[in-house]
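Participant: only geometry, no sequence info:
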């Protein structure tokens, strides 16, 4: 069975605000109308497009420039869809759920992540970048 990639909020399918056609997912956070071809973006798509066009930005810039609520940006950080760079740790509000250390994204620090991966018999993914105090979308390999 083919995956249904139409924009769905858990209750209803979204229609194109331009022509009323159904919106179909073409990329993470990006949708295209099946009738008129207009592109629409959910909150993640708005942030992703903004960061692609403007480069890494602070959380405050993302919130002010895109209109996406701060809680939504925080949720994307916890889900590892966005990442804060190391110099932003001083202002960070995310802490490892295992040891309490400040973290860049997700719920575990790099050491606890590696330890848990080792316990499960796999390798750990390390994060890091030289773009200071900024956020970017975190690319994941998708099948």
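Facilitator: Received, thanks. Predicted model, so just to flag it, every value in this text is computed and none were measured.
Participant: Dihedrals phi and psi, residue 15?
Facilitator: Per-residue torsions, residue 15: phi -110, psi 160 (degrees, to the nearest 10).
Participant: so residue 78 touches residue 106, yeah?
Facilitator: Yes. With contact defined as C-beta atoms under 8 Å, residue 78 and residue 106 form a contacting pair (6.6 Å). From N, CA and C alone the C-beta is placed, and that goes for glycine too.
Participant: Quick check on the two: which one has the bigger neighbour count.
Facilitator: Neighbour comparison, residue 78 and residue 106: the larger count goes to residue 106, with 21 against 14 (by other C-beta atoms under 10 Å).
Participant: For the more buried one, report the pLDDT, please.
Facilitator: With respect to pLDDT, residue 106 scores 76.
Participant: same check, this time on residue 143
Facilitator: Looking at residue 143, its pLDDT is 40.
Participant: Same check on residue 94?
Facilitator: pLDDT, residue 94: 69.
Participant: Please apply the same query to residue 42.
Facilitator: 90.
Participant: So it sits against residue 27, correct?
Facilitator: No. Using C-beta under 8 Å, residue 42 makes no contact with residue 27, being 11.0 Å away.
Participant: Neighbour count: those two, which is higher?
Facilitator: More crowded of residue 42 and residue 27, by other C-beta under 10 Å: residue 42, with 19 against 14.
Participant: The more buried one and residue 101: what is the separation?
Facilitator: From residue 42 over to residue 101 the distance is 32 Å, taken as C-beta to C-beta, to the nearest Å.
Participant: With residue 71 instead?
Facilitator: Per C-beta to C-beta, residue 71 is found 23 Å from residue 101.
Participant: out of those two, which sits in the more crowded spot?
Facilitator: Taking other C-beta under 10 Å, residue 71 and residue 101 do not tie; residue 101 has more neighbours (14 against 9).
Participant: Would you confirm that the more buried one contacts residue 108?
Facilitator: No. With contact defined as C-beta under 8 Å, residue 101 does not reach residue 108; the gap is 9.4 Å.
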